[in-house]
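*Asks:* Can you look at this prediction? I've put the sequence above it.
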Amino acid sequence: MTSEKLILKEMKNDSVALLKINRPKALNALNVEVLKELYNELQEIEKDETVKCVIITGSGEKAFVGGADIGSMKDMDTVEARKFSEFGNEVMTYIENLKIPVIAAINGYALGGGLELALSADIRIASENAKFGTPEINLGIFPGFGGTQRLPKIVGLHKAKELIFTGEIITAEDAKEANLINKVVKQEELMEVVTKMASKIASKSSIPLKLAKQVINRGYEEPIETGSLMETSSFSVCFSTEDQKEGMEAFLENRKPTFKDK
Ligand code: CO8
């Protein structure tokens, strides 16, 4: 047992937080303790109105997250496995619905539960050395942290089934081709690119950012009529904000807007 923190938090600037999973020797594998600490850190971040974007990454050069911790799962019975899967799903759904945008900076292996963590983020940027897959089938199980649900929505049913049934591990380039990730960058540039994108997002008004995320996520599951209604209601709320006036005035005055999140 180590008393070292399993999640390292660092502020990249006033409004961008970085959470780094800190078990590099175990390829940042997710056990209950890691998931709990990640959940706690995210809850703290969500309470802090000044943070407007979160980056999640893994420690070390080799892995984002190598999966759920196989050692901690091996002897689980059905009840324990159900609890672990339920908790993992709870954390992933919390990330997906976090009020502010989440970027996964995928710095190496994103396998099994690690891929499922990345799938919960809003945006996935990977380094060239990253590798992706759902190798659970090789362990006699299948994805249990939301992968069977999120993967098909992102890459399509056919590709999700191929990955889940074969357990094949694919390169960052193939993952980009499959629409699994937004972008592939050089390993040494990953954090710079991701921080730049996070800072760009954080420079916008938090009101339309949060509303847009909510409408996209909720509307995605609904018929177009319901989604459009949600869009119209939330969109019109922006017109009660100072930031909408500032954004449009700044455009017409040919200057950069200064948003106050009001
Ligand atoms: N769990 C625990 N330990 C791990 C994991 C993992 N998922 N992945 C790697 N490690 C450990 C290794 O055991 C090794 O430890 P040690 O040095 O003590 O032997 C260390 O990390 C380094 O790994 P390797 O020596 O294996 O490194 P290689 O470069 O040779 O290989 C691989 C890298 C290919 C990534 C390899 O480590 C591997 O195949 N890892 C397992 C990948 C995997 O199967 N992931 C899926 C796990 S199952 C899952 O995620 C299910 C999610 C839903 C759970 C719901 C539960 C109910």
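*Replies:* Perfect, I can see it now.
*Asks:* List the single closest residue to the residue nearest the centre of the chain in space, sequence neighbours excluded.
*Replies:* Centroid check for the chain by C-alpha atoms, centre = their mean gives residue 121 as the closest residue, at 1.7 Å. Sequence neighbours aside, residue 104 is the residue nearest to residue 121 in space, at 3.8 Å (criterion: C-beta to C-beta, 6 or more residues apart in numbering). For glycine as for every other residue, the C-beta is placed from the backbone atoms N, C-alpha and C.
*Asks:* need the contact list for the one you found.
*Replies:* 55, 56, 57, 64, 110, 117, 118, 121, 123, 124, 125 (C-beta atoms under 8 Å, 6 or more residues apart in numbering).
*Asks:* re the thing from before, please report how far the residue nearest to the centre of the chain lies from residue 242.
*Replies:* Distance of residue 121 to residue 242, given as C-beta to C-beta, to the nearest Å: 30 Å.
*Asks:* any idea how far the ligand is from residue 50?
*Replies:* Residue 50 sits 33 Å away from the ligand, going by C-beta to the nearest ligand atom, to the nearest Å.
*Asks:* would you say that residue is within a strand?
*Replies:* No: Residue 50 sits outside any strand when classified using DSSP: H, G, I helix; E, B strand; the rest coil, being coil.
*Asks:* Quick one, grab the pLDDT at it.
*Replies:* pLDDT for residue 50: 95.
*Asks:* correct me, but it touches residue 17?
*Replies:* No: applying C-beta atoms under 8 Å as the test, residue 50 and residue 17 come out as separate, 9.5 Å apart.
*Asks:* of these two, who's got more company?
*Replies:* Between residue 50 and residue 17, residue 17 has the larger neighbour count (other C-beta atoms under 10 Å), namely 24 against 12.
*Asks:* What residues does that one make contact with?
*Replies:* Counting by C-beta under 8 Å, 6+ apart, residue 17 has contacts 9, 10, 11, 45, 51, 53, 54, 55.
*Asks:* again, but for residue 29
*Replies:* Contacts for residue 29 (C-beta under 8 Å, 6+ apart) come out as 23, 65, 66, 67, 68, 69, 70, 113, 114.
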